[in-house]
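> Everything below, folded, please.
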Amino acid sequence: MQFIAQATDNNGGLVTALQTTTILDTPPTMTTLTASPAPLTQPGGALTLTATGKDIDGTVAKVDFYYLPAGVSMPNTATDFLIGSAMTGTAYGWTLVSKNTSSFATGAVRYYAVATDNNGVASAPLMINGTVNVPPTIGSLALTNPAYRGATMVLTAQNVLDTAPGTIAKVAFYLDSSGDGLVETTDKLLGTGVLVAGTHDYKLTASTVGFPLGRCSSSRRRRTTTAAL
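Okay, here's the model as predicted:
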């Protein structure tokens, strides 16, 4: 391919200059990008990103998927967080399943994908919007202190709040079997709390029948409180 530059002066004199070059590659293009779950992603939860694209004069060697926090308007693959890369695709595109989301800031975020062809030429980024959920908070967990096994106890999760547009769907209470402060499959579900009118508190009344003697921990998420039986 050849280019010509021609200069003309005020007396009609002409001069030309030539330059030739070879265009070796047409960059690939990204067509679609989707995220699942959408639009909400839980911090630390699994995120699936799927992109489709093409390369008219070669093949797509890989697709890189990036995370862009709120307030950053322009993508920069040199500095943005690389979630991961998909090296092989199918008729449905290139899919990345990642749990590398624990460092994502909560709130509005963006994801984008960049394809690289077999000659190392990259596509323009294709971007979509997403949201990383802001988890609810519990101010404290309180309970009446039963003096004997079989007594009725009242558990109260106090000042349970969620950031808009989220709302509290439920507050579940567990007997923390291992005493480690974590909700696990071995923990006993005591029930779901009821919202106390006019407050942000959720209350559960439960029997201690069958509880082990000694000190028992009740929990909601990572917040625990201890009672002696």
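> Tell me which residues touch the residue most central in space within the chain, please.
Nearest residue to the geometric centre of the chain (CA atoms, centre = their mean): Thr41, 3.9 Å. For Thr41, the contact set (CB atoms under 8 Å, 6 or more residues apart in numbering) comprises 35, 47, 101, 104, 109, 130-133. Where C-beta positions appear, they are placed from N, C-alpha and C, glycine not excepted.
> Distance-wise, check it relative to Leu195.
Computed as CB to CB, to the nearest Å, the Thr41 to Leu195 distance reads 27 Å.
> likewise Thr29?
In terms of CB to CB, Thr29 sits 51 Å off from Leu195.
> domain ranges for the chain?
29-132, 137-228 (automatic domain parsing).
> mean pLDDT for those: which is lowest?
The minimum mean pLDDT among the domains of the chain belongs to domain 137-228 (a mean of 81).
> Phi first, then psi, for Pro212.
phi -70, psi 150 (degrees, to the nearest 10).
> Let me know how buried it is, in neighbour terms.
Residues within reach of Pro212, counting by other CB atoms under 10 Å, total 11.
> Roughly how far does it sit from Lys54?
63 Å.
> residue contacts, Arg149?
Here Arg149 is in contact with 208-211, 213, 229 (criterion: CB under 8 Å, 6+ apart).
> Which two of the residues you listed have the greatest separation?
The largest separation in those, counting by CB to CB, is between Val209 and Leu213 at 12.5 Å.
> What are the buried residues along stretch 185-197?
For stretch 185-197, burial by neighbour count (16 or more other CB atoms under 10 Å) applies to 187, 190, 193.
> Sorry, wrong one. I was asking about stretch 12-32.
27-28, 30.
> still on that earlier bit, need the contacts of Arg149 in TSV with secondary structure, can you?
Formatted as TSV, the contacts of Arg149 follow (DSSP: H, G, I helix; E, B strand; the rest coil):
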residue	secondary structure
Thr208	coil
Val209	coil
Gly210	coil
Phe211	coil
Leu213	coil
Leu229	coil
